[in-house]
Every structure is written in C-alpha cells, then in structure tokens.
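[1] All I have is the shape, not the residue letters:
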C-alpha cells in the first residue's frame, strides 16, 4: 500500500542550484512533500561534479535541513543529474518463453536483467532500463506481454547509460555527506515527468530544459522515450556573452539577463536603456534593451540549432503531433517561445508543473523545483519502492561533518547575486 511507504529523498544536482525533496505517496496516490530545500551549487560544472569537497558540503547542508524538517534521518539519496556524456542507447534481446506456451513475468524479467547487465565499452554503466516494445513469435507486437501466447519473446529497450567517472565522483560526494546513492536519474526524464503528460508523449513531444550549465532534451512518441541529449552550455554561456559584449562584471551580467533580458532583438524597445552603476571609480555604463536582446538572441539561436539537430536524429520530427515544451530558468525571458517556433518551425509552449502534490502546492508553481519533483515522482512510482528503498528512518541524527550549516531553509527562488538591485537603473 502507498501509505506504508517510507520517505524517499531526491536531489536535483544543478549547475547553479541544488534542490532536495523528501516525500511519500498518500493513500490516494498523491505526492506528500515533507521536506524542501534549495541552495546555490558548489563544485558542479555543466551538470557534473568537478570538486568533491565543495559539492559534498552543499549536499550535507541539504540533507541536514531535510532532517530538520522531517525529524528523520536520511540514509539513501536519489540523484537527478545531466552531464554531456550521459546517453541513451538501443538494445534488443530475445528468449524462448518458459511457461506453458505463454509469456510469464519471469520471462520479461530475464530479458530486463540481461539489458541491465549488458557489458558496455568505454567505462559506461546502465542506470535505467526502459522497455520500448515486445514482439511475440517474430510477428505480434504487444505493449503488455505477460500472459500472451507464444514460444518466443523479443524485447527492445532504451538504456540510460552513464560514465563510471560520473558515478564514482557522485558516490564520493554522498559518502562524504554520510549517505548512499539510490537511483541515478537522467534529468531529462525527470523534468519530462513533471511538464509533459501522457497524451503529449503519445502523439510526440520534445522537452527542452534550458538550465544554467546544460540544455537537456528528451524526445517522446507513443509514450516511449526515443532520444535524449545533453548540450553542454545554456544560461551561463549567455551570461558570459553579456559580460563580454557589454564589458561589465559577471554578476551584473547575470542580473541584467534575468531582469531585462529578452530573446528577440527585433521586439526590444530601442528607446529603453538600463544604466549599470560604476564601481571602484569606473563610470556608469548605459546598455540599450535592443543591444542586450541581440546578444541573448545570438546565443539562444545557436542552442536551438543544436537542439534541432538532436530532434532530427530522433527521427520523429515529421510525425510530431504535439510540439516542444520549453522549461528551465533560461526560458523565462520574453519572446523565447516565438524564437523557438521561428527557428524550429514547430509549435511550442512553456513548461509548467503537471504534478499536483497533496501538500505545498503553491511552492511548486516555482519552475526551479520541477526536475526534483519529477524525479521524486519517478522514485515513488518505481516498482519495489516499499521493500527495497528505505530512504529515511527515524533515529538519532548523524553528524554530517560539514559546519557551519546554513540556518535558514531556502524555499523560494534564490538570489544568486550579491549585487543590490539598485545597481541596475531603468531609463
């Protein structure tokens, strides 16, 4: 029963922020969120751990805050992440059925286990096995094979594979934080779980998550994952372009992008100017909205073009019944949907949560939490969660080993800049 589930914990390991959630399913199958923490990231570059100690420090803080909120000890953490080397690959295998002329659950499990344990080259590991189709006796394709009559079953899978270097670094981080790694979840799958429904995935949909360090893409059709990609640049590169193009400090470039940036230069008001306050004796600098927008547009077009190439690789662009769902912090600027439509020739919409938790509903209107929320749903929905995944237990709390810990739980959008808002003046 769902009501007997232990709390599960997930962390969205982002380049600019980390979000941690603790939750369980109610008797009605809704997600009951018991803990929510968000902190600025450290030690993460383009979605991947590059400094073990810095990342472990933030993870320790996240876990400590969850333990304070839930009054329970966290032992196992599921992690959503996306690095450029993460891939999805196709795998097929077949076997004779073991039943009296029909497919049994053990037949399907044997094929799934074979896919899970396939030996990969180049030091990769399978972290998730996703069934895409089953064919019985070389002719009948079925969605649910158990109970189907036949002597042979062939299974096609999509395998999510991750470099061992990513996994080993992550395990070191979690060990330093005093917890173990549960499931490793591709961020593209997690965000898709939160912003695209089954009808969209049936007719064909593309989810593009424009984050800070990476742009993550997932393509679905017939409710099957067809393709994923991680583009190793996103919002941070746009900020760097603004810094270089406007000759300003990086922290002010980020604030300028967030507060006044828009995606299409032709729609920007050429009469409006923002003044960047001078520091250390430097003169103030005026930047027009139109110039800022053209800088942003140039980089967004490059990202969209690369995403378009990945969509073409999926092979479903001609049969796409829905369109593109754009999500992530970078998608909040004006006219980005128009730019995506113009550059791809496809329909597009902004992503919003299609998961409605039983608790803390207003907080999850914040799109920064959607990857973590989708990951939590995946973990809670996975088979065997009640027996094999005791993620949290009531006990005396451990010393996480990183002090001092941040005292206030951050539940809203973070101000990642120490620049005062008054440093930017609209003229």
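    Arrived safely, thanks for sending. It should be emphasised that the depicted structure is a prediction, and the values quoted were computed from it without experimental measurement.
[2] May I ask which helix or strand encompasses the nearest residue to residue 49 once chain neighbours are set aside?
    Distances taken as CB to CB, 6 or more residues apart in numbering place residue 169 nearest to residue 49, at 4.2 Å, with adjacent residues excluded. For every residue, glycine as well, the C-beta is placed using N, CA and C. Here residue 169, judged by DSSP states H and E, is contained in helix 164-176.
[3] Just the mean pLDDT for whatever helix or strand comes next after that helix, thanks.
    Once the chain leaves helix 164-176, the next helix or strand it forms, by DSSP H and E, is strand 180-186. The average pLDDT within strand 180-186 is 95.
[4] what angle separates strand 180-186 from helix 164-176?
    140 degrees (axes from the mean of the first three to the mean of the last three CA atoms, to 10 degrees).
[5] hang on, the earlier thing: just list what the helix holding residue 169 packs against, helices and strands only.
    Packing partners of helix 164-176 (3 or more CB pairs under 8 Å, 6 or more residues apart in numbering; DSSP states H and E): strand 48-49, helix 52-70, strand 76-81, strand 124-136, strand 180-186.
[6] hmm, try it at 7 Å
    strand 48-49, helix 52-70, strand 124-136, strand 180-186 (3 or more CB pairs under 7 Å, 6 or more residues apart in numbering; DSSP states H and E).
[7] Strand partners (parallel or antiparallel) of the last one?
    Within its sheet, and counting by DSSP bridges, strand 180-186 is paired with strand 76-81 (parallel).
[8] count of residues packed around residue 19?
    Using other CB atoms under 10 Å, residue 19 has 25 other residues around it.
[9] List the residues that contact residue 302.
    Counting by CB atoms under 7 Å, 6 or more residues apart in numbering, residue 302 makes contact with nothing.
[10] in what helix or strand does it lie?
    Using DSSP H and E, residue 302 falls within helix 289-314.
[11] Helix, strand, or coil at residue 219?
    Look at residue 219: counting by DSSP: H, G, I helix; E, B strand; the rest coil, its state is strand.
[12] Residue 274 reaches residue 287, doesn't it?
    Yes: counting by CB atoms under 7 Å, residue 287 is a contact partner of residue 274 at 5.4 Å.
[13] So for these two, which residue has more residues nearby?
    With other CB under 10 Å as the criterion, residue 274 and residue 287 differ in neighbour count, and residue 287 comes out ahead with 23 against 18.
[14] what kind of secondary structure is the residue lying closest to residue 69 once chain neighbours are set aside in?
    Closest residue in space to residue 69, ignoring its immediate chain neighbours: residue 35 at 4.0 Å, by CB to CB, 6+ apart. Of the three states, residue 35 takes strand under three-state DSSP.
[15] quick one: pLDDT of residue 35?
    In this model, residue 35 carries a pLDDT of 94.
[16] for the helices and strands packed on helix 164-176, which one ends up most surrounded?
    Sort the helices and strands packed on helix 164-176 by mean neighbour count, taking mean count of other CB atoms under 10 Å, and strand 48-49 sits at the top with a mean of 24.
[17] Which other helices and strands does that strand contact?
    Counting contacts by 3+ CB pairs under 7 Å, 6+ apart, strand 48-49 is packed against helix 164-176.
[18] Distance from the helix it packs on to the middle of the chain?
    The chain centre lies 18 Å from the centre of helix 164-176; the measure is CA atoms, centre = their mean, to the nearest Å.
[19] who's the nearest residue to residue 347 once chain neighbours are set aside bridged to?
    Excluding its sequence neighbours, the residue lying closest to residue 347 (CB to CB, 6+ apart) is residue 323, at 3.4 Å. For residue 323, the beta-bridge partners are residue 205 (DSSP bridges).
[20] Please report the number of neighbouring residues for residue 323.
    18.
[21] ok, it touching residue 344?
    No: using CB under 7 Å, residue 323 makes no contact with residue 344, being 8.8 Å away.
[22] Where does residue 259 fall, secondary structure wise?
    Secondary structure from DSSP H and E places residue 259 in helix 250-260.
[23] Give me the buried positions along stretch 202-211.
    204, 205, 206, 207, 208, 209, 210, 211 (16 or more other CB atoms under 10 Å).
[24] Tell me the spacing between the residue nearest to the spatial centre of the chain and residue 160.
    Note on the chain: the residue nearest the mean C-alpha position is residue 187, at 2.8 Å, using CA atoms, centre = their mean. For residue 187, the distance to residue 160 (CB to CB, to the nearest Å) stands at 11 Å.
[25] Run the angle between the helix holding residue 302 and helix 250-260 for me.
    Using the same axes, to 10 degrees: helix 289-314 against helix 250-260 is 90 degrees.
[26] picking up where we left off before, out of the buried residues of stretch 202-211, the closest to residue 164 would be?
    Relative to residue 164, the closest of those is residue 211; by CB to CB it sits at 23.7 Å.
[27] Tell me, what's the model's pLDDT at that closest one?
    So, for residue 211, pLDDT stands at 90.
[28] show me the contacts for it.
    Taking CB under 7 Å, 6+ apart, one finds 14, 15, 234, 235, 328, 329, 330 in contact with residue 211.
[29] Identify the residues contacting the residue nearest to residue 319 when sequence neighbours are not counted.
    Excluding the flanking residues, the one nearest residue 319 by CB to CB, 6+ apart is residue 204, at 6.1 Å. Shown in contact with residue 204 (CB under 7 Å, 6+ apart): 220, 221, 316, 319, 320, 321, 322.
[30] Please identify which pair of these lies farthest apart.
    220 and 319 (12.0 Å).
[31] which of these two has more neighbours?
    Set residue 220 next to residue 319 and count neighbours by other CB under 10 Å: residue 220 wins out with 25 against 10.
[32] Next, count neighbours for the closest residue to that one other than its chain neighbours.
    Spatially, and ignoring its direct neighbours in sequence, residue 220 is nearest to residue 201 (4.0 Å; CB to CB, 6+ apart). Residues lying near residue 201 (other CB under 10 Å) number 22.
[33] go on, residue 309?
    Neighbour number of residue 309 under other CB under 10 Å is 11.
[34] swap in residue 71?
    Neighbour number of residue 71 under other CB under 10 Å is 10.
[35] what's next to stretch 43-61, contact-wise?
    Counting by CB under 7 Å, 6+ apart, 11, 13-15, 18, 39, 41-42, 81-84, 166, 169-170, 172-174, 176-177, 213-214, 230, 232, 400-402, 405-406 sit against stretch 43-61.
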